[in-house]
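Undergrad: fold the following, please.
(2 chains)
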Amino acid sequence: MRVLVIEDFVPLRRSIAKGLQKAGMAVDQTGDGEEGLWYARLNPYDAVILDLMLPGLDGLTILRKLRAEGLKHHILILTARDTVEDRVHGLDAGADDYMVKPFAFAELLARVRALIRRTYQAKSPSVRVGPLRLDTAKQRVWVGQRSADLSAREYALLEFLVLRAGAVVSRTEIWEHVYDFHSESDSNVVDVYICYLRRKLDEPGKPSLIQTVRGRGYRLGDGET
Amino acid sequence: MILRRLTSLRARLLLGVIVGLVALQAASSVVVYALQRSALYNRFDQALMTTVEALAPQAKYDKSKGAHFEAEKVRMPEFQRPKGPDYFQVWRSDGSVIARSQTLGEANLPMVRSGQKAAAYDCELPRGKAGRAVLMTFELQQKGPPERRNPPQAVTLVVAREIDPVRNDLWTLGWILAGTSLAGLVVAGGLALAIVTHGLRPLWRVARQIAEVEPSALGNRIDPVGLPTELQPVAQRLNEMLERLYVAFERERGFTADAAHEFRNPIAGIRSIGEVALSAPQTVQEYAEDLRQIVALAAGMQSLVEKLLLLARLDAGQIKPSLSQVQVGVVVRETLASLGPRLAARNIAVENTLPSIMTATADRDLLTLAVKNILDNAVEYAESDGRIRLKATASDSTVVLSISNTCCSMGPQEAAHVFERFWRADRSRSPNGSHAGLGLSLVSRALSLMGGSAEAFAGNGEFTLRLHFQAREAAGGSARKIGDKAT
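TA: Residues are numbered from 1 along each chain as shown, chains lettered A, B, ... in the order given. Next up, the predicted model:
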């Protein structure tokens, strides 16, 4: 899942990005309001963490511009402003969630995951597709009774496929949601990771859980062809 | 004395009014009594005198009898009645008694020889009764031609009567006066109580309104409508005081909120770095980097706390400037030297035209604090490859130190705010959050403690701070003044 962090306080921004990456998310980050707006327009982020006091362009303006342009990012405001008026103001401007600094990182992560689930209309953190079972909160994967040990990047790719289960997902879409700007711009990477996933998930002698749809991309589980 | 000891205004007013009324009543009663007494005695004495004048013709003189009194011709009933009769007695000038009334028996009336022909006096009557007597001395008429008359013969006639009826009347009058005074006092006291209570009611109202002003409701004011003229200035002063309190409270509240806000970011940073580090294993290098970040954030917070404390101490007057002649150039050079690495890192040029010897009246520590904060800001906010300029001018009375740095964005309107606490031209923060917008507040406070002032200007891509100090000549007096205030 790909998340954008717009926060001008450098140590905090770096730490949030690092934490999200540790949780298997692809993270783009910036400390400048204008740049943040540019990032958000460019990519369909699954969640955006937005500070309010920013140089260049303040957070509320970014929020209003995105909403005015019809962009439907799930946005969490993360700010030191803690009054009820501030929260109401932020949520009314189009934010999906509001958190006050300082915060517990685990809670921020949980809220970001909740926003991502909302993106894919999934209510439960536990998702089943055929013999595959995912716990998106704990980032654990089981195939039947067997637990699969995935790297963060592998898990991120699988989670995206699971959340879009039944649909054909193109390489570009996978690229946009699983990788950030700093990843190698080589679409082969997607194929390589699909290969890793198949190796870890598929039972010998059975058809692969992830099907290749020639010329279009990949599909997890049964669905339209 | 007692009035001063009474703490209640109502009790004071009441006591004052009642004591005044008692004195007035007593004085008027005494006057009425005295006037009435004098009138009654006068009338009594006149009546006695009339009797004397009626008796006087009975005192006669002829050659055979000499001076004599024809008592048998006195037919007046008052000399005969058994109860409360009148008395008279007649003496010759040699003191021998000529006649006395039957009512006297063998007793004598007291006679006062005052030398006057007529006199009235109190006396004791037979049987111990109190009486009043009137005395008249007169010469007896002699018949015949003057050359054949004997030397003139004088007799003294005294008439006395019991004074009890007058005394009784006076007693009654006294009681009536005392009674009416007492009743009047009770009524007047009640009235005074009611009037004073009513008159003080606006005061209770003001007191109630003051009681309603709490720290949480400092916006409340005392309503001057309907207050008596005497209380209007009180209400006005109280409202002015409340306004000042309100402003101070709001500033304090805002200051606390701002201070809390400034701490949220570094605390959020430290917590987040720590929690992310603990969330999953990482390399030793990563742990070390996280720790470095946490230390830097803690240092930033420490600097913020120190600035806040310093500001609070400067405000509270806990830091006392010791003014002397300080070499401004030396302080500036030392501070610049400490900033050397940062200046080099951002490639900022320094143009220092301070004369090598120039003194100003200052506290060395406070001056260093001011210069350090200004240069710190200048390095922080000047763009890379920018320039910092320092110059100074001195006149007879003042030394002006001017520090400018190139900066892209600030305008004159923003420059007006730079001395406000927590104000920042750019909302972006320094890497560790130590630039919270307190530095120039400290500068302004430090300068005013040293008897100087600070001004800020911005425009044409440059931000300038001008510090005014007192020069040597004018410094003596004011330095002592500030020193006196501080001790």
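Undergrad: doesn't A:Trp142 lie inside a strand?
TA: Yes - assignment of A:Trp142 by DSSP: H, G, I helix; E, B strand; the rest coil places it within a strand.
Undergrad: name the nearest residue to it, ignoring sequence neighbours.
TA: Computed as Cβ to Cβ, 6 or more residues apart in numbering or on different chains, the closest residue to A:Trp142 that is not its neighbour in sequence is A:Arg133, at 4.5 Å. (Glycine included, C-beta is placed from N, CA and C.)
Undergrad: burial of that neighbour, as a residue count?
TA: Using other Cβ atoms under 10 Å in any protein chain shown, the number of residues around A:Arg133 comes to 18.
Undergrad: pretty sure it contacts A:Pro125?
TA: No - at 11.4 Å, A:Arg133 and A:Pro125 do not qualify as touching, with contact defined as Cβ atoms under 8 Å.
Undergrad: show me what contacts B:Ala56?
TA: By Cβ atoms under 8 Å, 6 or more residues apart in numbering or on different chains, the contact list for B:Ala56 reads B:136, B:138, B:157.
Undergrad: same question, B:Thr393
TA: When the contact criterion is Cβ under 8 Å, 6+ apart, the partners of B:Thr393 are B:399-400, B:402.
Undergrad: how about the secondary structure of it?
TA: In three-state terms, and counting by three-state DSSP, B:Thr393 is strand.
Undergrad: tell me what it is bridged to.
TA: In this entry, B:Thr393 is beta-bridged to B:Val400, by DSSP bridges.
Undergrad: any idea how far chain A is from it?
TA: With distances defined as Cβ to the nearest Cβ, to the nearest Å, the gap from B:Thr393 to chain A amounts to 36 Å.
Undergrad: and that residue, what pLDDT?
TA: At B:Thr393, the pLDDT value in this model is 86.
Undergrad: what's the answer for B:Gln36, then?
TA: The per-residue pLDDT reported for B:Gln36 equals 94.
Undergrad: with adjacent residues omitted, what lies nearest to it?
TA: Leaving out its chain neighbours, the residue that sits closest to B:Gln36 by Cβ to Cβ, 6+ apart is B:Leu173, at 5.6 Å.
Undergrad: now for that neighbour, how many residues are close by?
TA: Applying the criterion other Cβ under 10 Å, we find 16 residues in the vicinity of B:Leu173.
Undergrad: same thing with A:Glu7?
TA: Neighbour number of A:Glu7 under other Cβ under 10 Å is 29.
Undergrad: same thing with A:Ala152?
TA: Counted by other Cβ under 10 Å, the residues lying close to A:Ala152 total 15.
Undergrad: residues touching it, list them.
TA: A:21-24.
Undergrad: how close does the residue lying closest to B:Gln58 once chain neighbours are set aside get to B:Val159?
TA: Once its chain neighbours are removed from consideration, B:Gln58 has its nearest residue in B:Glu70; the separation is 4.7 Å (Cβ to Cβ, 6+ apart). In this view, B:Glu70 and B:Val159 are 16 Å apart by Cβ to Cβ, to the nearest Å.
Undergrad: which one of those two has more residues nearby?
TA: Taking neighbours as other Cβ under 10 Å, B:Glu70 and B:Val159 compare with B:Val159 leading, 28 against 12.
Undergrad: element containing B:Ser322, please.
TA: No secondary structure element spans B:Ser322, as it lies outside all helices and strands (assigned by DSSP states H and E).
Undergrad: that one - how many residues pack around it?
TA: By the measure other Cβ under 10 Å, the count of residues near B:Ser322 is 13.
Undergrad: doesn't B:Asp363 make contact with it?
TA: Yes - taking contact to mean Cβ under 8 Å, the distance of 5.7 Å between B:Ser322 and B:Asp363 places them in contact.
Undergrad: let me see the domain layout of chain A.
TA: Described in terms of automatic domain parsing, the domain architecture of chain A consists of the residue ranges A:2-119, A:126-220.
Undergrad: measure the first one end to end?
TA: End-to-end span of domain A:2-119 (Cα to Cα, to the nearest Å): 12 Å.
Undergrad: how many neighbours does B:Leu238 have?
TA: When counting by other Cβ under 10 Å, one arrives at 18 neighbours for B:Leu238.
Undergrad: which residues touch residue 46?
TA: This is for chain A. A:1-3, A:74, A:115-116, A:119, A:177.
Undergrad: lowest pLDDT pick from those residues?
TA: Scanning those for pLDDT, the smallest score is found at A:Thr119, 76.
Undergrad: report the spatially nearest residue to it, omitting neighbours in sequence.
TA: A:Asp46 is the one closest to A:Thr119 (Cβ to Cβ, 6+ apart), at 5.0 Å.
Undergrad: residues touching B:Tyr41, list them.
TA: Residues B:120, B:132, B:166 are the ones in contact with B:Tyr41 under the rule Cβ under 8 Å, 6+ apart.
Undergrad: hmm, try it at 10 Å
TA: Shown in contact with B:Tyr41 (Cβ atoms under 10 Å, 6 or more residues apart in numbering or on different chains): B:120, B:122, B:132, B:163, B:166, B:170.
Undergrad: which ones among these are found in helices?
TA: Cross-referencing these against helices under DSSP state H gives B:166, B:170.
Undergrad: save the contacts of B:Tyr41 as CSV, and put in distance to B:Thr368, neighbour count and pLDDT too.
TA: Putting these into CSV (distance: Cβ to Cβ, whole Å; neighbours: other Cβ atoms under 10 Å in any protein chain shown; pLDDT from 0 to 100) gives the following:
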residue, distance to B:Thr368, neighbour count, pLDDT
B:Ala120, 105, 17, 91
B:Asp122, 102, 12, 90
B:Arg132, 105, 22, 92
B:Ile163, 104, 20, 90
B:Val166, 102, 17, 91
B:Leu170, 96, 16, 93
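Undergrad: going by distance to A:Ser208, which of the contacts of B:Tyr41 wins?
TA: When the contacts of B:Tyr41 are ranked by distance to A:Ser208 (Cβ to Cβ), B:Leu170 comes first, at 139.0 Å.
Undergrad: and that closest one, how far is that from chain A?
TA: Going from B:Leu170 to chain A by Cβ to the nearest Cβ gives 88 Å.
Undergrad: residues near the spatially closest residue to B:Gly274 that is not a sequence neighbour, how many?
TA: Closest residue to B:Gly274 apart from its sequence neighbours, by Cβ to Cβ, 6+ apart: B:Ile294 at 6.8 Å. The number of residues packed around B:Ile294, counting by other Cβ under 10 Å, is 19.
Undergrad: on the pLDDT front, check B:Ile294 for me.
TA: At B:Ile294, pLDDT is 93.
Undergrad: name the residues of the helix or strand harbouring it that come out as buried.
TA: Counting by DSSP H and E, the element that carries B:Ile294 is helix B:284-316. Of the residues in helix B:284-316, those scored as buried under the neighbour-count criterion (16 or more other Cβ atoms under 10 Å in any protein chain shown) are B:289-290, B:293-294, B:296-297, B:300-301, B:303-304, B:307-308, B:310-311, B:314.
Undergrad: packing partners of that helix?
TA: Here helix B:284-316 is seen to pack against helix A:10-22, helix B:232-279, helix B:364-381, helix B:439-449 when contacts are counted using 3 or more Cβ pairs under 10 Å, 6 or more residues apart in numbering or on different chains; DSSP states H and E.
Undergrad: hmm, try it at 8 Å
TA: When contacts are defined as 3 or more Cβ pairs under 8 Å, 6 or more residues apart in numbering or on different chains; DSSP states H and E, helix B:284-316 sits against helix A:10-22, helix B:232-279, helix B:439-449.
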